[in-house]
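**Q** Okay, structure incoming, though there's no sequence with it:
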């Protein structure tokens, strides 16, 4: 969480100097509600690049590139490696990554390496691998290997991804991007960071927050499991006893 | 129809859940076992995180055993005195099991221990049951009348100190083996998410010589009480009981169990035991293979905590 905050602070500071262009953007959903039938949700990110308030220019001149980075709540995650010990496969090695994003998707209007250089991509945490550099234990080499595997596993789960054709430009200075949040998207605060690139340089950026949260009955259940664990367990047992008893009564001829 | 499981944090097809609950319930009704040893692996293989699967199946086992336990109780086939001793030591074992469960999960070795545990337990019980039932079937073919074991035969286990009289079972035996059996099943059951009926019944019959008419009822009553306690322990300790998942399984399970029980009337005891032995062995082999075959992916990941 602290890393995320730092990122936001860096963002605000970097956005301060007046430039020729400004970004006006919008996210389609402020909250994504997880109901009992939640099976993912489609989101839209769109915006316009306009001349900055203090600028003399009446028009903006492209070509522009837009990169939208969607970050989920952070968690501590481990990547584990199995190896064969005396004929049995078991977990023998692991690296823990603290404050690792639980969801990370990059949408861009072109190949990331064509838009800008690797250093800019890494320092702004646009590449998935840049999030694995913060492993707190283990040596650098090991965390690099495990980090790459963790990114691969997260990608297979649909939690990490890079869509290099994810952002469209219907007009020269208007972009739109579409993202389908999967059903296993972890609940919590999300942040969408939008970068506008021109000639490989970041000329404007903006961050927007949205939340994925359980509502109604699901929220009630998840909360009570944590806040009232004893009562929750008791209710579960009573429910089981009742269901078992009812089954016996209903089917008895 | 998809249903979102709030604790497992994933969305699963409702009919799939009720369906596997019903299928396992049918088998559990047919063979008179709780079915946890089938349900937990099935859930793990279909993507539910192992901790959630184990803890939620514990709740389902309570439901699956309740109707059977009640039916036996009405018939007077439950030795409550004996069950009480088993439950008390079982809950103690469950405390140990749930604590070990949390330790193993944090160390990343929970899946390994679950696999090895199922392999050893199901493998040995399955082989023993298969041998016993094959012998019984062969003897029946040859026309030999099988002499039932006399319930009052004593062995060295009965001679241990601290003897207690169990009236309903017509036993006057040491409580030490009773407590050890309870402790062991409590520990293993909470660790693997199984009721342990398939270990309890042979242990009561062969080790303690509990008469046949109260064995099943007493074992079921013990499973209900001990698994109820384990569910609460899991809820408090690891907060991984998914009540929605458990409920879907319960509904399918209790319905399926009724059909299984009536289907069971068409099969003879030793045939049933032989089939159950094959089923148990199949699950054991599945776990054994997962240990020795090269995994599709040597890397795996897990969430260890929420960042501060």
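**A** Yep, that arrived. Keep in mind the model is a prediction, meaning the values are calculated, not measured.
**Q** Stretch B:240-248 vs chain A: in contact?
**A** Yes. Applying C-beta under 8 Å from any C-beta of the partner chain, one finds stretch B:240-248 touching chain A at B:241, B:243, B:244, B:246, B:247. The C-beta positions use only the backbone N, C-alpha and C, and glycine is treated the same way.
**Q** Look at the fourth one and give its secondary structure.
**A** Put simply, residue B:246 is helix when judged by DSSP: H, G, I helix; E, B strand; the rest coil.
**Q** Pretty sure it sits against residue B:64.
**A** No. Taking contacts as C-beta atoms under 8 Å, residue B:246 lies outside contact range of residue B:64: 10.9 Å.
**Q** counting contacts, what elements does the helix ranked longest in chain A pack onto?
**A** If you go by DSSP state H, chain A has its longest helix at helix A:229-251. The contact analysis (3 or more C-beta pairs under 8 Å, 6 or more residues apart in numbering or on different chains; DSSP states H and E) places helix A:229-251 against helix A:216-227, helix B:50-74, helix B:212-237, helix B:243-263.
**Q** So for that helix, what gets flagged as buried?
**A** Neighbour-count burial for helix A:229-251, counted by 16 or more other C-beta atoms under 10 Å in any protein chain shown, picks out A:229, A:232-237, A:239-241, A:243-248, A:251.
**Q** residues from the stretch 101-250 of chain B in reach of chain A?
**A** B:108-109, B:111-112, B:224, B:228, B:231-236, B:239, B:241, B:243-244, B:246-247, B:250.
**Q** Buried among those residues? Need that as a selection in ChimeraX.
**A** Burial among these is assessed by 16+ other C-beta under 10 Å; the matching ChimeraX selection reads:
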select /B:108,111,112,224,228,231,232,233,234,235,236,239,241,243,244,246,247,250
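**Q** What pLDDT does the model give residue 36?
**A** Let's take chain A. Looking at residue A:36, its pLDDT reads 73.
**Q** that's the wrong chain, I wanted chain B
**A** 81.
**Q** For the nearest residue to it once chain neighbours are set aside, list the residues it contacts.
**A** Closest residue in space to residue B:36, ignoring its immediate chain neighbours: residue B:194 at 3.8 Å, by C-beta to C-beta, 6 or more residues apart in numbering or on different chains. Going by C-beta atoms under 8 Å, 6 or more residues apart in numbering or on different chains, residue B:194 touches B:34, B:36, B:37, B:40, B:57, B:61, B:188.
**Q** May I see the ChimeraX selection of the buried members of these?
**A** Selecting just the buried residues from those in ChimeraX takes one command, with 16+ other C-beta under 10 Å as the test:
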select /B:34,36,37,40,57,61,188
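**Q** With distance to residue A:123 as new columns, can the contacts of residue B:194 be given to me in TSV?
**A** Putting the contacts of residue B:194 into TSV (distance: C-beta to C-beta, whole Å) gives the following:
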residue	distance to residue A:123
B:34	56
B:36	52
B:37	53
B:40	46
B:57	47
B:61	53
B:188	52
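**Q** Take the contacts of residue B:194 and write them to a markdown table, including secondary structure.
**A** Output for the contacts of residue B:194, formatted as a markdown table (three-state DSSP):
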| residue | secondary structure |
| --- | --- |
| B:34 | coil |
| B:36 | helix |
| B:37 | helix |
| B:40 | helix |
| B:57 | helix |
| B:61 | helix |
| B:188 | helix |
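**Q** Residue A:37 falls within a helix, correct?
**A** No. Looking at residue A:37 with three-state DSSP, it is coil, so not inside a helix.
**Q** Would you quantify the distance from it to chain B?
**A** 6 Å (C-beta to the nearest C-beta, to the nearest Å).
**Q** Now the phi/psi pair for that residue, please.
**A** phi -100, psi 20 (degrees, to the nearest 10).
**Q** Grab the nearest non-local neighbour of it.
**A** residue B:2 (5.9 Å).
**Q** cool, and residue B:31?
**A** residue B:276 (4.4 Å).
**Q** got it, and residue B:236?
**A** Excluding the flanking residues, the one nearest residue B:236 by C-beta to C-beta, 6+ apart is residue A:229, at 4.5 Å.
**Q** element containing residue B:85?
**A** helix B:80-107 (DSSP states H and E).
**Q** Could you give the average pLDDT over the following helix or strand past that helix?
**A** Later in the chain than helix B:80-107, the nearest helix or strand by DSSP H and E is helix B:110-142. Mean pLDDT, helix B:110-142: 84.
**Q** so what secondary structure elements neighbour whichever helix or strand comes after helix B:110-142?
**A** Using DSSP H and E, the helix or strand that directly follows helix B:110-142 along the chain is strand B:163-166. Applying 3+ C-beta pairs under 8 Å, 6+ apart, we find strand B:163-166 packed against helix B:80-107, strand B:171-174.
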